[in-house]
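In: model this:
(one chain, ligands or ions: 1)
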Amino acid sequence: MQEQALKLEGSRASIAVIRIDSPPVNSLGHATRTALAESIQAAHAAKEVDAIVLIGAGKLFSAGADIREFDRPEVWKSPDLSELIALIERGPKPVVAAIHGMAMGGGLELALGCHARVATHNALLALPEVKLGLLPGAGGTQRLPRLAGLTRALDMIVSGEPQTAAELQGTPLLDQVIEHEHVLLPAAVALAEQMGEHGERPMASARTVTAENADLQLAAAREQVARRTPREPAKRRCIDAVEASLLLPFEAALERELAYFHELSASPESRALRHLFFAERTAASISDIPKDTPVRPIHSAAVVGAGTMGAGIAQCLLDAGIPVKLLEASRAALDRGVASITRQYQRARDKGRIDDARMAARLKLLTPVLDYAALGDVDIVIEAVFEQFDVKSKVFQSLDAVMKPGAILATNTSMLDINRLAATTGRAGDVIGTHFFSPAHVMRLLEVVRGEQTRADVLVTVMRLAKKLGKTAVVARVCDGFIGNRMIEQYLRQAGFLLEEGATPAQVDRAVEQFGLAMGPFRMSDMAGNDIGYDIRKRRSRETPSLFYSRIPDLLVETLDRKGQKVGRGWYDYQEGSYQAIPSAEVDDMIVQFRKAHNLQARQISDEEIVKRLVYALVNEGYRILDDGTAQRASDIDVAYATGYGFPDTRGGPMFYADEVGLDKVLADMAVFARNPQADPAFWVPAAGLLARVEAQR
Ligand code: NAI
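Out: Numbers count the residues shown, from 1 in each chain. Model (predicted):
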């Protein structure tokens, strides 16, 4: 840690400035904590130093603990964060935290242990531990309520969301909020000097918590957490810990906080969330591509097709400040696309998410066009026209004719063969798949599909662009359905078999929703449109006649004409303007008649069996996907499922979940399912990789 003594002009006080300097985010790993403790002890011992300023090097104060240490003994190795904070708080000299950029997690806890805080108005302050299924374990749940009051502290700790220094101004948390970063250090030094002169060392731990109607506030927070996030024990414990700040002496409350921290860090939910945290970061790296692969500049883009997906994709690009040319087949379709984008922005503005100026600035970046010639100079084009090979190949040929050399040609196809599409152009190396999810401007997942010919720099550029768009990108190879849809197909097939054997759509949905999935398979199909699945099954049956599907989902469309939410009837009934799924007697009756006609015995199927069969269908296909190299690694599959398919993040994704259950147990259950006389025995043939892993674990 760099240490420097500052002497302000005309002042007798001497201030030691200590910098937290561990790039890129000044995380507080063991080496950094040791260096900080040594610097602080040296400043305490130095006669000429009257007070200390703690500031972050580079762009921020500190993003907090080094999360890689969490599962290692280093995190508790002395000085641990609590010891470092105690050294500051109880030390003989005042310490002022000078905060810019962000103070997150352990970084904020460190600042709370200082005797005063100065921050730039736009600095972000947060205790986001709850997002990893944890709580702040170095006094954050005790000092924040004392400095920011109960209401704010509860909100920040339970939500994990940041607040700006400007929002926190006026609370004892911040002694001073300043406008410009270049005066941060002088302001902090001036305050430290003043405190040094007067010997002031106010300690957060010595304050009492200010709270009105504390009992009511705690009860309301508990009720909200129980209702909205019943599967997140960390949120409950955050409230318990904050409550301890009202009930217990400081030291006893700290002990309780630490006990909760240990309890949570061993919880399956936290393990799952931490797994996903690292999995998301790992997903960005591509094993066979050198790190120094050059990135092509993306300053402008085009989108072809302004329907549901094209409009959403255009909006993603505009949100990232990238100018977009939007091309359609007709003036009417183009106008509809532009109107839909405008409407989305108006909605965001009405909800206060953006202001008029920003909305106007984004729309100004949009240029509607009807002629391919207008696209020639853009850096990337994303095609989102109808899912028909002939239509798409014509579009790609038109693009090939006009695009400048080096432009990237991306397709949003859900399942067409990107290699074949690339071959219709004279630049297959520049062609790539960018599979967005609906609504494209909201959903985080982006499957980036590399074709056989896709060049390394094209892949790397699109991964970089995904990050700029705020997406979580997962790399897939070309195959039918890529990662996510290929897996969901097996899950939906299995859901159909469950109906044949005795379950109802409502029972299946309820069982997996209780497990934590955002939506069960039948509600999901109703939302996507049952005709889409129908068309896919027809195509599959033509291509692979041996592939066996339940006929029940076909009859839903063929005989009952229940295409889903868009027509107000699908697996469920829907009332006008409502998405509430009402179980349908007509559908239940159709299923009963189907079983009778085919001599199928209905039996009571437990919720546990339903969940296992649906989740293990995902897992087995996930292993097949790894076997054939469609996905790079199991954790990428987890990321895809958690960010694109509503798999509960507190379960870590299907592959992680299967590991937690124990792959040998998963395999044993699959064998039981295969013996079911009504099952398609081919369905449960284990993937080679799954067998190999179980074998290796024996
Ligand atoms: P859509 O039917 O809403 O929009 C397609 C648009 O393309 C229409 O506005 C149409 O006028 C336009 N178009 C058709 N031919 C054209 C041509 N030759 N030149 C210019 N524009 C043309 O379809 P949607 O849902 O937006 O799907 C587009 C693509 O995205 C498809 O490949 C689909 O498989 C894929 N996709 C769809 C998802 C969804 O949830 N809807 C999710 C992920 C991918």
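
In: residues contacting residue 369?
Out: By CB atoms under 8 Å, 6 or more residues apart in numbering, the contact set of residue 369 is 325-327, 334, 375. In this view, the C-beta of every residue, glycine as well, is placed from N, C-alpha and C.

In: any chance of the residues you listed in a markdown table, plus secondary structure and neighbour count?
Out: Formatted as a markdown table, these follow (DSSP: H, G, I helix; E, B strand; the rest coil; neighbours: other CB atoms under 10 Å):
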| residue | secondary structure | neighbour count |
| --- | --- | --- |
| 325 | strand | 21 |
| 326 | strand | 26 |
| 327 | strand | 27 |
| 334 | helix | 17 |
| 375 | helix | 23 |
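
In: any idea how far residue 301 is from the closest residue to the ligand within the stretch 551-698 of the chain?
Out: The stretch 551-698 of the chain approaches the ligand most closely through residue 644 (9.9 Å), counting by CB to the nearest ligand atom. Applying CB to CB, to the nearest Å, the value for residue 644 to residue 301 is 22 Å.

In: do residue 333 as well
Out: 19 Å.

In: equivalent analysis for residue 384, please.
Out: Taken as CB to CB, the span from residue 384 to residue 301 is 12 Å.

In: just residue 136 next, same as before
Out: 41 Å.

In: also residue 104?
Out: Separation of residue 104 from residue 301 (CB to CB): 32 Å.

In: what of residue 124?
Out: For residue 124, the distance to residue 301 - CB to CB - is 29 Å.

In: and the pLDDT for residue 642?
Out: We note a pLDDT of 97 for residue 642 in this prediction.

In: residue 333 and residue 301: who's more crowded?
Out: Comparing residue 333 with residue 301 by neighbour count (other CB atoms under 10 Å), the higher total belongs to residue 301, at 27 against 16.

In: contacts only, for the closest residue to the ligand within the stretch 301-450 of the chain.
Out: Residue of the stretch 301-450 of the chain nearest the ligand, by CB to the nearest ligand atom: residue 307 (1.8 Å). Residues counted as contacts of residue 307 (CB under 8 Å, 6+ apart) are 333, 337, 384-385.

In: so what does residue 449 look like in phi/psi?
Out: When read as degrees, to the nearest 10, the backbone of residue 449 gives phi -110, psi 110.

In: what strand or helix carries the closest residue to it other than its chain neighbours?
Out: In space, and not counting its chain neighbours, residue 449 is closest to residue 433: 2.8 Å by CB to CB, 6 or more residues apart in numbering. Take DSSP states H and E as the rule and residue 433 turns out to sit in strand 431-436.

In: what does residue 234 give?
Out: Using DSSP H and E, residue 234 maps to helix 233-247.

In: what's the angle from the following helix or strand past that helix to helix 233-247?
Out: Next helix or strand after helix 233-247 toward the C-terminus (DSSP H and E): helix 250-265. What separates the directions of helix 250-265 and helix 233-247 is an angle of 170 degrees, with axes from the mean of the first three to the mean of the last three CA atoms, to 10 degrees.

In: could you say what helices and strands helix 250-265 packs with?
Out: Counting contacts by 3 or more CB pairs under 8 Å, 6 or more residues apart in numbering; DSSP states H and E, helix 250-265 packs against helix 140-148, helix 233-247.

In: of all the ones you listed, which lies closest to the ligand?
Out: Nearest of these (CB to the nearest ligand atom): helix 233-247, 31.6 Å.

In: what's the angle from that closest one to helix 140-148?
Out: Going by the same axes, to 10 degrees, helix 233-247 makes 50 degrees with helix 140-148.

In: and the average pLDDT for helix 233-247 is what?
Out: For helix 233-247, mean pLDDT is 97.

In: buried set for that helix?
Out: Buried positions in helix 233-247, judged by neighbour count with 16 or more other CB atoms under 10 Å: 233-245.

In: and stretch 332-347, by the same measure?
Out: Within stretch 332-347, the residues scored as buried using 16+ other CB under 10 Å are 333-334, 337-338, 340-341, 344-345.

In: stretch 431-442 now?
Out: 431-437, 440-441.

In: dump it to PDB, keeping only the CA atoms.
Out: This file holds the C-alpha atoms of stretch 431-442, laid out as PDB (Å, rounded to 0.1, in the frame of the first residue of the first chain):
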ATOM      1  CA  VAL A 431     -21.000 -15.300 -40.000                       C
ATOM      2  CA  ILE A 432     -22.100 -16.100 -36.500                       C
ATOM      3  CA  GLY A 433     -25.200 -16.800 -34.500                       C
ATOM      4  CA  THR A 434     -26.500 -14.400 -31.900                       C
ATOM      5  CA  HIS A 435     -29.400 -16.100 -30.300                       C
ATOM      6  CA  PHE A 436     -31.300 -13.500 -28.200                       C
ATOM      7  CA  PHE A 437     -34.200 -14.500 -25.900                       C
ATOM      8  CA  SER A 438     -37.500 -12.800 -25.800                       C
ATOM      9  CA  PRO A 439     -38.000 -10.000 -24.800                       C
ATOM     10  CA  ALA A 440     -34.600  -9.300 -26.200                       C
ATOM     11  CA  HIS A 441     -34.000  -5.900 -24.400                       C
ATOM     12  CA  VAL A 442     -34.800  -7.600 -21.100                       C
END
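
In: close to the ligand, is it?
Out: Yes - judged by CB under 6 Å from any ligand atom, stretch 431-442 and the ligand are in contact via 435-438.
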